[in-house]
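> Give the three-dimensional model of this entry:
(one chain, ligands or ions: 1)
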Amino acid sequence: MKVTYPHMGYLSIPVRNMLNHLGVDVVEAPPITKKTVELGASFSPEGVCLPYKINLGNFLESMELGADTFVTACGAGKCRLGFYNAVQKIQLAKRKQVQFYTLDTNRCFFSLYNLLKTLAPQAGRMDIIKQIMLAIQQLKAFDAIVNAKNFYGARTKYPKDIIAISNNALQQLAEYKTFSEVQSGKKLVIDLMRASSGDDGEQPVKIGLVGEFYVLLEPYVNHMIEDVLVQQGIEVKKFVYTGQWAFANTWLQAAGLHKEEKAYLKEAQPYFHYHVGGEGLKTVGTALWCIQNGYDGIVHIYPFSCMPEVVAEYALKKMAADYHVPLLSLSLDEQFSDVAIITRLEAFADCLKRRLSRN
Ligand code: SF4
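This is a model prediction of the structure:
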């Protein structure tokens, strides 16, 4: 059995470690490239969203490397993510005999535990729980490092150095095998960023980055948007983080303490009164929070044809007009180039800086 799973930002680092520690043979997909996207798109239904195509591209590339057991996530009832697994399973089974497992995001902890028990039947209960906890702790440490990069990177003359510290740290922390190593490693890295930045306490232009989950978390798809903005001297506030999501949807959800939709339904009023699927509600709720908390602009990113975010975009436009706050909405597809996104972000950053200097 050779297990594989799709890429999504730094998620694959602790997932690979967790499976390896439990004795599971992993075949990781190569990093996402143009070839991945084209391969996935050529075997995908017409008009399906970009995350589906890239996930399928990851699976097909892993299959070429010998993978025969595929793991994906499914959030039934939320958006097209609810049918990804069924369609991908059919597509992969046309090529060879495969095992296909789906993590149910509506009951994530139990679904993950049962999956690991199936993949690693020899592993004990405590060992599995320990590995899940360690993976989540690593992810949360990565979240904190990326957050610190966005903070200190916008406050230094050398943002590329801060970005490099962050990228190296993600690889380094992945090697740590105990909770205390991860904790102290995270602290060291953040202290190093603070010391290297020469932060003089001045507040740079700050924006809220909102939008669809996968696009926010996968740097290949969002064209490294956070790093581009940080290099423009813009502080980025994001509300979707892998570790935060994993923690909330495993431990908190299992304990009945995770009620994200309810919280954002309140935050999104009066622009949204209903859940619209995907991250639509959160997009609107967090954008409104940013505007009410003095952020200078909103950048909204989503995959072309993503219905929940198209609905959210209408609410964001109205919100931006009501509060006179600049809004940049980017609908990304496989044709979008680095140059196209960098040009728009640079123009948006200039506009924000000019606007601020006039006030
Ligand atoms: S939120 Fe949008 S892009 Fe993401 S899976 Fe759902 S429909 Fe597709």
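
> count of neighbours near residue 139?
A count of nearby residues for residue 139, using other Cβ atoms under 10 Å, gives 25. (C-beta placed from N, C-alpha, C; glycine too.)

> That should have said residue 246, apologies.
By other Cβ under 10 Å, neighbour count at residue 246 equals 24.

> Contact partners for it?
Residues counted as contacts of residue 246 (Cβ atoms under 8 Å, 6 or more residues apart in numbering) are 108, 135, 136, 139.

> Check residue 334 too.
Contacts of residue 334 (Cβ under 8 Å, 6+ apart): 37, 38, 41, 50, 53.

> Let's see the pLDDT reported for it.
Looking at residue 334, its pLDDT is 86.

> go on, the one 3 residues further on?
At residue 337 the predicted local confidence, pLDDT, stands at 87.

> SS state for residue 299?
Classification of residue 299 by DSSP: H, G, I helix; E, B strand; the rest coil places it in strand.

> contacting residues for the closest residue to residue 123 other than its chain neighbours?
Counting by Cβ to Cβ, 6 or more residues apart in numbering, residue 123 lies nearest to residue 22, which is 4.7 Å off, once chain neighbours are set aside. Neighbour list for residue 22: 116, 119, 120, 123, 127, 128, 131 [criterion: Cβ under 8 Å, 6+ apart].

> Any chance of those residues in JSON lines with distance to the ligand and pLDDT as columns?
Listed next are the contacts of residue 22 as JSON lines, based on distance: Cβ to the nearest ligand atom, whole Å; pLDDT from 0 to 100:
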{"residue": "116", "distance to the ligand": "24", "pLDDT": "96"}
{"residue": "119", "distance to the ligand": "25", "pLDDT": "96"}
{"residue": "120", "distance to the ligand": "29", "pLDDT": "96"}
{"residue": "123", "distance to the ligand": "31", "pLDDT": "95"}
{"residue": "127", "distance to the ligand": "33", "pLDDT": "96"}
{"residue": "128", "distance to the ligand": "28", "pLDDT": "96"}
{"residue": "131", "distance to the ligand": "27", "pLDDT": "94"}
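
> Count residues in the vicinity of residue 107, would you?
When neighbours are defined as other Cβ under 10 Å, residue 107 has 14 of them.

> re the thing from before, how close does the residue nearest to residue 123 get to the ligand?
Distance from residue 22 to the ligand, counting by Cβ to the nearest ligand atom, to the nearest Å: 28 Å.

> on that earlier part again, among the contacts of residue 246, which lie within strands?
Per DSSP state E, strands hold no members of those.

> From these, which land in helices?
Counting by DSSP state H, those place 108, 135, 136, 139 in helices.

> who wins for neighbours among those residues?
residue 139 (25 neighbours).

> what about that residue, distance to the ligand?
Taken as Cβ to the nearest ligand atom, the span from residue 139 to the ligand is 20 Å.

> now residue 1
If you go by Cβ to the nearest ligand atom, the gap between residue 1 and the ligand works out to 28 Å.

> where's whatever residue of the stretch 51-200 of the chain ends up closest to the ligand, which helix or strand?
Residue nearest to the ligand within the stretch 51-200 of the chain (Cβ to the nearest ligand atom): residue 79, separated by 3.2 Å. Residue 79 is part of no helix or strand when elements are defined by DSSP states H and E.

> hang on, the earlier thing: show me which of the contacts of residue 334 are buried.
Listed as buried from those are 37, 41, 50, 53; burial here means 16 or more other Cβ atoms under 10 Å.

> Now tabulate these in a markdown table and tack on secondary structure.
Below are the buried ones among the contacts of residue 334 laid out as a markdown table (three-state DSSP):
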| residue | secondary structure |
| --- | --- |
| 37 | helix |
| 41 | helix |
| 50 | helix |
| 53 | helix |
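
> Would you map the helices across the stretch 51-200 of the chain?
Secondary structure of the stretch 51-200 of the chain by DSSP state H, counting those that start in this stretch: the helices cover 81-93, 108-119, 125-153, 159-173, 179-197.

> near the ligand at all, the following helix or strand past the last one?
Scanning forward in sequence from helix 179-197, with DSSP H and E defining helices and strands, the next element found is strand 205-211. No. In this structure, strand 205-211 remains apart from the ligand according to Cβ under 6 Å from any ligand atom; the gap is never smaller than 9.3 Å.
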